[in-house]
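*Asks:* Structure, please.
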Amino acid sequence: MFWINVLVARGVCFGKSLMPKLINQRGAVYALAATVLFAYQQVASAADGGKKNVSTKVSATVANRKVRPGTRAAGAVATKTAVAGTAIRTNSLASPPLAFPSEEAKVRHLLNRVTYGPSTEDLDRVMSIGIDKYIDEQLKPESITLPAKVAALAKQPALSESPARLFLNYGKEAFDDMAKAARKTGPDGKGTDAAVKKEIQQLVRDNYQDLYGQVSEARLTRATDSPRQLEEVMTEFWFNHFNVSMDKGLDHLWVGSYEEAAIRPNVFGKFRELLGATAHHAAMLFYLDNWQNTAPKLVVKPKGANKKFAGLNENYARELMELHTLGVDGGYTQKDVVELARVLTGHGLITKKSIITNPAGLNSKYGYNFDQSRHDFGDKVLLGQTIKAKGVEELEEALDMLAKHPSTAKFVSYKLAQYFICDDPPPTLVTKLSNTFQKTDGDLKVMMRTLLKSDEFWDARQANAKFKSPYRYLVSGLRASNATVNNTRPLLGFLRLQGMPMYQCQTPDGYKNTQKAWLSSSGLLQRINFATAFGANRSPGARISDVSPEQVMRIAGIKPTDQTGQVVESSPRQLKLALLFGSPEFMKY
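*Replies:* Below is the predicted model of the structure:
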């Protein structure tokens, strides 16, 4: 806490005039923290609309999206920010590419992008086997043996059980008999026993925490310890692209299954396969309300019918085109949204009734069910093409159409380039990736190879061009320090404080990966506070193993002659790791 207490008390983060006074009084120990805060000050103050801009209701967000939700900062942010003598670049860069000063610098750049940050072992290994071999390995994750601890995570119930079994074992259904008994034991045999009702509510909350603990521990452990680093990076990328939130009702049961069954197996497959998997998973169908989507002509229901099946619901249809495939400027109209919503009628969740009819549904990995009684069996015209009425097969035809559309190729290519290159990626690379997408029918592995072999990726001006999201900042610190995680709760608490609670982005566009989304003065103070405790080995969540300041300087690319390096070198040894983890260089990648 000492940095925050001193800096805030002295006003360093708010005024330039106090910085020299602070440094003179306290010495070089505080110089780096003051530099970080002041260097980021102008951009952060612009970004300090830095309040979380999230909606608690997805449908409300869908209906009125003047500002794209899910970002941390809505204000305009400058595209270049001077930080300790360097700059974070979000502008497209000119060719020819600038060469890296050394082979180790190239390796560091690669590891910063295809992993959650290098360790010294990673640097040494890639220097030994070569960049090309390492890329080949990462693009074939099945060829890399997992440590037993990491492999065992896939057996956790939250990740391994089917959506139907998760509902029966962890949802309110698990306490159905208990609830029925409670209704018979209320006052005078009527109503519900208040104590039992309270106990059921507590059990439901406990189950929520249990499942959240399983999925969050699995994600953190894999991101930190799995040698299949690119697979972990791509799983997070595609989860955010096809985002669902465990804060939305039943999705707290299904987020782990969704990531494990729909996202992870398809990150290096064809885009169409990934699109289809997410479109058929219960988590997505519930999150964007498609389980309620019913043909308009079927709105008139007999007495006692489920009022939730009350006509056409456009939520998923709109996001399927705007966020998952074509992009907001992809050439679709409101009429296309309505037509796709009609295609999607009847596509929903496995129910007790459907399991009786089809017992195999209990073990369905997606928890998907098609209810033809709620489907619109009229012909549809989507993006100018007629889809004949044929029930469940209409969705496959629509997904084929969307996956092959040129706008989808461009939209997906832009997002990948932005994630791996810089916030405003070079148009030349977007074009290369888009061409690869169309030539290979959306082969994601080939697209990644194109990206990682491109001149744009290997331009030295792209090194450290990205600002770390809170999640990447946390995991990169754990990896760089070879830390042992003792308790995930404090680490998850840090992410929540930073505005990035795991699996809880409530808006359908997922968490952003740009500087504009995460750079703010309050966020930087929180990171420095975390770095202070973590670097001093006082974090209740993780303990740093045997790692030296010199090793972390190598990982971050900090030289003893750099401004940061000079501050670190002149500081007491017990403060050096804290200074490094709070440095500008460690916040970039």
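
*Asks:* Which pLDDT value goes with residue 180?
*Replies:* Per-residue pLDDT puts residue 180 at 68.

*Asks:* Now do the strands in the stretch 201-350 of the chain.
*Replies:* Per DSSP state E, counting those that start in this stretch, the stretch 201-350 of the chain has strands spanning 347-349. These are given in chain order.

*Asks:* would you list every one of the helices in it?
*Replies:* 229-241, 251-257, 271-279, 282-287, 315-322, 334-343 (DSSP state H, counting those that start in this stretch).

*Asks:* Could you name the stretch from those that's closest to residue 403?
*Replies:* Closest approach to residue 403 among these (CB to CB): helix 271-279, 4.1 Å. Quick note: C-beta positions are derived from backbone N, CA and C, even for glycine.

*Asks:* between the closest one and helix 315-322, how many degrees?
*Replies:* Per axes from the mean of the first three to the mean of the last three CA atoms, to 10 degrees, the angle that helix 271-279 makes with helix 315-322 is 160 degrees.

*Asks:* show me where pLDDT drops low in the stretch 51-200 of the chain?
*Replies:* Along the stretch 51-200 of the chain, the model assigns pLDDT under 70 to residues 51-95, 177-193.

*Asks:* For it, which segments are assigned as strands?
*Replies:* For the stretch 51-200 of the chain, applying DSSP E, counting those that start in this stretch gives strands covering 80-83, 86-89.

*Asks:* could you redo the helices of the stretch 201-350 of the chain as CSV and give each row mean pLDDT, mean neighbour count and distance to residue 158?
*Replies:* Shown next, in CSV, are the helices of the stretch 201-350 of the chain (pLDDT from 0 to 100; neighbours: other CB atoms under 10 Å; distance: least, CB to CB, whole Å):
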stretch, mean pLDDT, mean neighbour count, distance to residue 158
helix 229-241, 98, 22, 15
helix 251-257, 97, 26, 4
helix 271-279, 98, 21, 18
helix 282-287, 98, 28, 12
helix 315-322, 98, 24, 24
helix 334-343, 98, 20, 31
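
*Asks:* TSV please, covering those helices and showing distance to residue 297.
*Replies:* As requested, the helices of the stretch 201-350 of the chain are arranged in TSV below (distance: least, CB to CB, whole Å):
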stretch	distance to residue 297
helix 229-241	34
helix 251-257	30
helix 271-279	24
helix 282-287	21
helix 315-322	17
helix 334-343	11
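
*Asks:* Of the ones you listed, give the one that comes closest to residue 535.
*Replies:* helix 229-241 (23.4 Å).

*Asks:* The stretch 451-589 of the chain: strands as residue ranges?
*Replies:* Going by DSSP E, counting those that start in this stretch, the stretch 451-589 of the chain shows strands at 484-485, 542-543.

*Asks:* Of all the ones you listed, which one is nearest residue 387?
*Replies:* Residue 387 sits nearest to strand 484-485 of all these, at 49.3 Å, using CB to CB.

*Asks:* Pairing partners for the closest one, with directions?
*Replies:* strand 542-543 (antiparallel) (DSSP bridges).

*Asks:* So which residues make contact with the strand it pairs with?
*Replies:* For strand 542-543, the external contacting residues (CB atoms under 8 Å, 6 or more residues apart in numbering) are 478, 481, 483-486, 491, 534, 537.

*Asks:* Which helix or strand contains the closest residue to residue 342 other than its chain neighbours?
*Replies:* Excluding the flanking residues, the one nearest residue 342 by CB to CB, 6 or more residues apart in numbering is residue 376, at 4.4 Å. For residue 376, there is no host helix or strand (DSSP states H and E).

*Asks:* now residue 568: how far from residue 436?
*Replies:* 42 Å (CB to CB, to the nearest Å).

*Asks:* Could you count how many residues lie near residue 574?
*Replies:* Neighbour count of residue 574, defined by other CB atoms under 10 Å: 10.

*Asks:* Same check on the one 10 residues further on?
*Replies:* Using other CB under 10 Å, residue 584 has 25 other residues around it.

*Asks:* you'd agree it is up against residue 564?
*Replies:* Yes. Contact criterion CB atoms under 8 Å: residue 584 and residue 564 qualify, at 6.8 Å.

*Asks:* Spit out the contact partners of the residue lying closest to residue 314 once chain neighbours are set aside.
*Replies:* Once flanking residues are discounted, residue 314 sits nearest to residue 341: 4.6 Å by CB to CB, 6+ apart. Going by CB under 8 Å, 6+ apart, residue 341 touches 293, 312-314, 316-317.

*Asks:* contacting residues for the residue nearest to residue 342?
*Replies:* 295-297, 312, 342-343, 345-346 are the contacts of residue 376 under CB under 8 Å, 6+ apart.

*Asks:* measure it to residue 353 for me?
*Replies:* 21 Å.

*Asks:* can you check residue 501 too?
*Replies:* To residue 353, residue 501 is 35 Å away according to CB to CB.

*Asks:* and what of residue 239?
*Replies:* 31 Å.

*Asks:* Could you confirm residue 398 falls within a helix?
*Replies:* Yes. Counting by DSSP: H, G, I helix; E, B strand; the rest coil, residue 398 falls inside a helix.

*Asks:* my guess is it meets residue 340, correct?
*Replies:* Yes. With contact defined as CB under 8 Å, residue 398 counts as touching residue 340 (6.2 Å).

*Asks:* and for these two, which residues touch both?
*Replies:* Common neighbours of residue 398 and residue 340 (CB under 8 Å, 6+ apart) are residue 382.

*Asks:* which of the strands of the stretch 451-589 of the chain is buried the deepest?
*Replies:* Sort these by mean neighbour count, taking mean count of other CB atoms under 10 Å, and strand 542-543 sits at the top with a mean of 18.

*Asks:* Spatially, which two of the contacts of residue 341 are the most separated?
*Replies:* Going by CB to CB, the pair spanning these furthest: 312 and 316, at 11.1 Å.

*Asks:* From the contacts of residue 341, pick the one nearest residue 206.
*Replies:* residue 316 (31.0 Å).

*Asks:* unless I'm mixing things up, the closest one is touching residue 293, no?
*Replies:* Yes. Using CB under 8 Å, residue 316 is in contact with residue 293, at 7.1 Å.

*Asks:* Find residues that contact each of those two.
*Replies:* In contact with both residue 316 and residue 293: 341, 344, using CB under 8 Å, 6+ apart.

*Asks:* State the distance from the residue nearest to residue 348 when sequence neighbours are not counted to residue 351.
*Replies:* Once flanking residues are discounted, residue 348 sits nearest to residue 291: 3.7 Å by CB to CB, 6+ apart. Going from residue 291 to residue 351 by CB to CB gives 9 Å.

*Asks:* of those two, who's got more company?
*Replies:* Neighbours were counted for residue 291 and for residue 351 using other CB under 10 Å; residue 291 has more, 25 against 15.

*Asks:* ok, the more buried one - contacts?
*Replies:* Residue 291 neighbours (CB under 8 Å, 6+ apart): 282, 285, 348-349.

*Asks:* between those, which is closest to residue 552?
*Replies:* residue 282 (43.2 Å).

*Asks:* That closest one and residue 361, how far apart?
*Replies:* Residue 282 sits 11 Å away from residue 361, taking CB to CB as the criterion.
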